[in-house]
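Colleague: output the structure for:
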Amino acid sequence: MSDKSSFTPDEWHQILQSAMMSSMAVSAADPSGLWGMLKEGFAGAGALAGVEAKENASELIRDIVADYGTSEGRKIARDGLKEKLSGASPADVKEKSIEALRQTALLLDTKSPDQSQAVKLWLRDIGERVAEASKEGSILSFGGVRVSEAEKATLNEISDALGLTG
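Modeller: This next block holds a predicted model:
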């Protein structure tokens, strides 16, 4: 069974960043204003925290979450995101995030075939949680829709990039 030690440091940094990339792709697809961004950020963080409570989470997912639990792991992820996304427009953030997820899927399929599917499903789940976190098009939480058409399209793009169907 593969774990963190199955990857080079650069590969591991890419995997760490992928959890945030899934979240950022959805947020960038349909920016929700300050309150919506906060809700979406908390949803992404909640997806990481929720893994600890799941007994059936894969070893690789547990390793990712454990690294996010350290200041060094969070710094690695943040610094990588800054490098890849600095100065990008929301459309660019979405596209770059989806491409990063595509690269992570290839890496997982190659270096961790036993856990690849579980990690990719988890990455898609992060995007889904973010999409559902804040109503789009609402005013003071009245009206709007739970998941916008742009977010639905982005979730489909994330699934495609990760090689997931359905």
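Colleague: measure the residue positioned nearest the centre of the chain to Ala105 for me?
Modeller: Within the chain, one residue has its C-alpha closest to the average C-alpha position: by Cα atoms, centre = their mean, that is Ser22, at 2.5 Å. Counting by Cβ to Cβ, to the nearest Å, the gap between Ser22 and Ala105 amounts to 11 Å. Placement of C-beta: from N, CA and C, glycine included.
Colleague: list the buried ones in the host helix or strand of the residue nearest to the centre of the chain?
Modeller: Secondary-structure assignment from DSSP states H and E places Ser22 in helix 9-29. Across helix 9-29, burial judged by 16 or more other Cβ atoms under 10 Å covers 11-29.
Colleague: distance-wise, check the nearest residue to Ala88 once chain neighbours are set aside relative to Gly80.
Modeller: Beyond its immediate neighbours in the sequence, the residue positioned closest to Ala88 (Cβ to Cβ, 6 or more residues apart in numbering) is Lys96, lying 6.2 Å away. Note on Lys96: its distance to Gly80, by Cβ to Cβ, is 12 Å.
Colleague: lowest-pLDDT helix or strand in the chain?
Modeller: Scoring the helices and strands of the chain by mean pLDDT, DSSP states H and E places helix 33-49 at the bottom, with a mean of 53.
Colleague: spit out the contact partners of Lys94.
Modeller: 24-25, 28-29, 154 (Cβ atoms under 8 Å, 6 or more residues apart in numbering).
Colleague: tell me the one of these nearest Pro113?
Modeller: Taking Cβ to Cβ as the measure, Pro113 sits nearest to Ala25 out of those, at 24.3 Å.
Colleague: give the contact list for that closest one.
Modeller: The contact partners of Ala25, by Cβ under 8 Å, 6+ apart, come to 93-94, 97-98, 101, 127, 154, 157-158.
Colleague: so of the residues you listed, which ones are in helices?
Modeller: Under the assignment DSSP state H, the contacts of Ala25 contribute 93-94, 97-98, 101, 127, 154, 157-158 to helices.
Colleague: before we move on, the earlier item: got a pLDDT number for the residue nearest to the centre of the chain?
Modeller: The predicted structure scores Ser22 at 88 on the pLDDT scale.
Colleague: does it really touch Leu123, like I thought?
Modeller: Yes: using Cβ atoms under 8 Å, Ser22 is in contact with Leu123, at 4.7 Å.
Colleague: what sits in contact with each of these two?
Modeller: When contacts are counted by Cβ under 8 Å, 6+ apart, Ser22 and Leu123 have 101, 158 as shared neighbours.
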